[in-house]
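*Asks:* Kindly return the folded structure for what I paste below:
(one chain, ligands or ions: 2)
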Amino acid sequence: MAELRNCIRCGKIFAYTYSPICNKCLEEEEEDFKKVKEYLNENPGSTAFEVSEATGVSVEKIMKFLREERLELSDDNKNLLLQCESCGKPIKTGRFCNECRNTMASEIKKAFGLERRKSEYFKPTGKEKMHVIKRREGR
Ligand SMILES: [Zn+2]
Ligand SMILES: [Zn+2]
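*Replies:* Ligands and ions are numbered 1, 2, ... in the order given. Got it, this is the predicted structure:
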């Protein structure tokens, strides 16, 4: 039996699966995401405001895509500023810069103690590495 919930986006009741928003909203979000991504590919130098104007997607949502690491800024994106939530350094995707991420990961590791050492929490995804390599190439 599917659980019924209110969509957090449009408020309609829907059969909950894995997403807090209904299928219709999911599709719309997907459309928004595609529009933003395409626009950024074609206009890498644009600001969040310009992207928002051109795509009709709110600046807030564009930033959300970036924070969720669904969208990543290219090296040409000098005008669209995304900052590390901890130290304020400019970053290309996600919420924190690599340094803050590493600091946090090691602090959490310490806090979890030895018994949790083998847990999956900090398994590298390979994505971190890619960021580092890319950054080096850009210099
Ligand atoms: Zn909805
Ligand atoms: Zn930082």
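*Asks:* Show me which residues of the protein are close to ligand 2?
*Replies:* 84, 86, 87, 89, 97, 100 (Cβ under 5 Å from the ion). Glycine gets a C-beta too; all of them are placed from N, C-alpha and C.
*Asks:* Can you flag the buried ones in these?
*Replies:* 84, 97, 100 (16 or more other Cβ atoms under 10 Å).
*Asks:* The protein: helices as residue ranges?
*Replies:* 23-42, 48-55, 59-67, 98-112, 127-137 (DSSP state H).
*Asks:* can you put the ones you listed in TSV and add mean pLDDT?
*Replies:* Shown next, in TSV, are the helices of the chain (pLDDT from 0 to 100):
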stretch	mean pLDDT
helix 23-42	94
helix 48-55	95
helix 59-67	93
helix 98-112	89
helix 127-137	54
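*Asks:* So which of those is nearest ligand 1?
*Replies:* Nearest to ligand 1 among the helices of the chain is helix 23-42; the distance by Cβ to the ion comes to 3.3 Å.
*Asks:* Next, the angle from that closest one to helix 59-67.
*Replies:* Interaxial angle of helix 23-42 relative to helix 59-67 (axes from the mean of the first three to the mean of the last three Cα atoms, to 10 degrees): 80 degrees.
*Asks:* Can you list the helices and strands that helix 23-42 packs against?
*Replies:* Where contact means 3 or more Cβ pairs under 8 Å, 6 or more residues apart in numbering; DSSP states H and E, helix 23-42 is packed against helix 48-55, helix 59-67.
*Asks:* Please identify which of those helices is closest to residue 13.
*Replies:* Set against residue 13 and scored by Cβ to Cβ, the helices and strands packed on helix 23-42 come closest in helix 59-67, at 23.3 Å.
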